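[1] how would this look folded up:
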Amino acid sequence: MATRLKSKTLAAVPQSKNDCAESIRLLGELQRQFERERAAMNDAIGAITQRYQPVLSALQQRIDALQGGVQAWCEAHRTELCGAGDRLGKTAHLVTGEVSWRLRPPSVSIRGTDAVLDTLLRMGLGRFVRVKNEPNKEAMLNEPDAVRGIAGINIVTGVEDFVVTPFEVEVTQ
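    This next block holds a predicted model:
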């Protein structure tokens with residue numbers, strides 16, 4: 001696991017080549033300990049999830065069954081719960097809670113985007129096609145002199161990262 005330093009915040013600065021080698025060794029130890037702790041945490045999360053999953057699944061099934069039954073009864077009795085005719089309400093207040101009916105806002109679902117775009121354009125419905133204009137950064141990197149001096153564009157070059165990679169043995173299984 002290589003460590004990239006982005007800031008110039010320094011803690012203990014080694015005073016010799018041996019001190020630097022020792023710091024790199026310690027850095028490797030700390031990184032490996034960090035990964036061991038992360039793995040232990042993930043193992044614990046996995047065990048907790050596995051322990052509670054059957055209970056949660058059983059409870060969810062009971063919740064779904066009860067909700068389905070309540071909905072079926074309320075649908076059958078909506079007129080008496082919410083009123084009749086033009087005054088049909090959307091919420092019924094019961095002793096232990098309330099039930100409500102809400103219309104979702106309209107939405108559009110598209111499958112096969114390329115085919116839909118082609119059809120819209122062929123039918124003269126281009127107003128339903130969005131064209132996105134955005135700066136082409138790759139082209140600017142290929143021709144930096146053409147955009148040099150334009151406000152808002154800055155070509156960044158020559159940034160150097162410092163990378164520390166402690167030696168460790170990879171084991172394959």
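[2] Next, the buried residues of stretch 42-54.
    Residues of stretch 42-54 classed as buried by neighbour count (16 or more other CB atoms under 10 Å): none. C-beta coordinates here come from the backbone N, C-alpha and C atoms, glycine included.
[3] got the CA coordinates for that stretch in CSV?
    Extracted in CSV, the C-alpha atoms of stretch 42-54 (Å, rounded to 0.1, in the frame of the first residue of the first chain):
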residue,chain,number,x,y,z
ASN,A,42,-15.4,-6.3,8.2
ASP,A,43,-15.5,-9.8,9.6
ALA,A,44,-17.4,-8.6,12.7
ILE,A,45,-19.9,-6.7,10.4
GLY,A,46,-20.3,-9.9,8.4
ALA,A,47,-20.9,-12.0,11.5
ILE,A,48,-23.4,-9.5,12.9
THR,A,49,-25.3,-9.3,9.5
GLN,A,50,-25.4,-13.1,9.3
ARG,A,51,-26.7,-13.3,12.9
TYR,A,52,-29.5,-10.9,12.4
GLN,A,53,-30.5,-11.6,8.8
PRO,A,54,-32.9,-14.5,9.5
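[4] so which strand or helix has His93?
    For His93, the enclosing helix or strand under DSSP states H and E is strand 91-94.
[5] strand partners of that strand, parallel vs antiparallel please.
    strand 97-100 (antiparallel) (DSSP bridges).
[6] Can you list the neighbours in contact with the strand it pairs with?
    Taking contacts as CB atoms under 8 Å, 6 or more residues apart in numbering, the residues outside strand 97-100 that touch it are Val70, Gln71, Cys74, Leu81, Lys90, Thr91, Ala92.
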